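K.L.:
Got a predicted model here, sequence first, then my questions.
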Amino acid sequence: MALPSSYPVELRKRAVRMVAEVRGDYPNESAALRAVAQKLGIGSAETLRNWVKRDEVDSGQRPGTTTEESAQIKAMKKEIAELKRANDILKAAALDSTGQSNSAG
């Protein structure tokens with residue numbers, strides 16, 4: 001499970017915008033990322049690169065699972081696990097002490 005970011009959301013958004021704005025001023029994206037990260041006091045250009053990638057996926061510019069879709073998948077997996085546990089409890093309750101089903105049939 002990922003830890004919450006120590007950087008405020010507004011800083012992350014600003015950094016991503018800045019990379020998009022200055023990308024053409026540098027010979028490559030890595031140089032732009034390093035410059036913006038240093039300017040804003042972000043510990044690693046790789047951290048900023050991840051934010052840019054996430055923004056590109058969320059905005060549809062890059063293929064991948066969006067943040068919203070990831071949250072939905074996580075919630076569905078949790079619900080499935082809860083339903084499986086409930087189903088196991090119901091199955092166990094339906095059996096008597098000899099292991100036979102309580103239902104007639």
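P.N.:
Structure received. Numbering: from 1, shown residues only.
K.L.:
shouldn't Glu56 be in contact with Arg62?
P.N.:
Yes. The criterion here is CB atoms under 8 Å, and Glu56 meets it with Arg62 at 3.9 Å. Any C-beta I mention is one placed from the backbone N, CA and C, and that applies to glycine too.
K.L.:
roughly how far apart are Ala81 and Asp88?
P.N.:
Ala81 is 11 Å from Asp88, where distance means CB to CB, to the nearest Å.
K.L.:
For Glu56 and Arg62, indicate the residue with more neighbours.
P.N.:
Glu56 (15 against 12; other CB atoms under 10 Å).
K.L.:
Let me see the contact set for the more buried one.
P.N.:
Residues near Glu56 by CB atoms under 8 Å, 6 or more residues apart in numbering: Arg62.
K.L.:
Now do the phi/psi pair for it.
P.N.:
phi -70, psi -40 (degrees, to the nearest 10).
K.L.:
quick one: low-confidence ranges for this protein?
P.N.:
1-4, 96-105 (pLDDT under 70).
K.L.:
From the chain's centroid, how far away is the strand or helix carrying Lys13?
P.N.:
Secondary structure assignment for Lys13, by DSSP states H and E: helix 9-22. For helix 9-22, the gap between its own C-alpha mean and the chain's C-alpha mean amounts to 19 Å (CA atoms, centre = their mean, to the nearest Å).
K.L.:
That helix: what's the following helix or strand?
P.N.:
helix 29-40.
K.L.:
Buried residues in that following helix, which are they?
P.N.:
For helix 29-40, a neighbour-count test (16 or more other CB atoms under 10 Å) marks Ala32, Leu33, Arg34, Ala35, Val36, Ala37 as buried.
K.L.:
Now tabulate those residues in JSON lines and tack on distance to Ser70.
P.N.:
Converted to JSON lines, these look like this (distance: CB to CB, whole Å):
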{"residue": "Ala32", "distance to Ser70": "27"}
{"residue": "Leu33", "distance to Ser70": "23"}
{"residue": "Arg34", "distance to Ser70": "28"}
{"residue": "Ala35", "distance to Ser70": "30"}
{"residue": "Val36", "distance to Ser70": "25"}
{"residue": "Ala37", "distance to Ser70": "24"}
